[in-house]
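**Q** With the sequence up front, the predicted model follows.
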Amino acid sequence: VQVVESGGGLAQPGDSLTLSCEASGSIHSINYMGWYRKAPGKERELVADFTSGGRTNYGDTVKGRFSISGDNFKNTAYLQMNRLKPEDTAVYYCKVLYLDQATPWEPVEVWGKGNLVTVSS
């Protein structure tokens with residue numbers, strides 16, 4: 001199973017960007033998709049996530065500005081980032097917990113390679 005992020009790049013403060021995360025391969029079902037980020041000199045932190053049960057969670061620093069959503073048919077998660085700030089600059093990673101078609105009782109964790117978002121004037 002592969003996880004590929006896209007949609008990052010350079011933005012100015014106050015701009016909006018949308019990140020996409022697509023999981024593909026031998027997927028029976030997806031239990032969880034989440035976005036994390038790591039800025040230089042800082043630890044990786046949760047940005048936003050959701051479960052197949054409908055729970056959505058946001059990091060304190062992005063509440064009210066970012067929104068996560070998913071497309072079950074496309075095994076894709078989106079992160080809509082509004083009112084971007086310089087402190088949002090980071091590499092954004094997508095994490096997926098899924099059940100493989102071959103072993104649909106054992107959750108598997110996979111991460112994307114990351115997508116750089118730079119917010120600067």
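**A** Good, I have the coordinates.

**Q** Report the contact partners of the residue of the chain positioned farthest from its centre.
**A** When distances to the mean C-alpha position of the chain are computed (CA atoms, centre = their mean), the maximum falls on residue 102, with 25.3 Å. Each residue near residue 102 by CB atoms under 8 Å, 6 or more residues apart in numbering is listed here: residue 26. Heads up, the C-betas are built off the backbone N, CA and C, glycines and all.

**Q** secondary structure class for it?
**A** Under DSSP: H, G, I helix; E, B strand; the rest coil, residue 102 falls in the coil class.

**Q** Roughly how far does it sit from residue 27?
**A** 11 Å (CB to CB, to the nearest Å).

**Q** How far away from the center of its chain is stretch 20-40?
**A** The chain centre lies 6 Å from the centre of stretch 20-40; the measure is CA atoms, centre = their mean, to the nearest Å.

**Q** that older thread, so what does the residue farthest from the centre of the chain look like in phi/psi?
**A** Residue 102 has phi and psi values of phi -80, psi -30 when expressed as degrees, to the nearest 10.

**Q** where's it relative to residue 39, distance?
**A** When residue 102 is compared with residue 39 (using CB to CB), they lie 37 Å apart.

**Q** Enumerate the positions of stretch 93-101 that are buried.
**A** When burial is assessed from 16 or more other CB atoms under 10 Å, stretch 93-101 yields the following buried residues: 93, 94, 95, 96, 97, 98, 99, 100.
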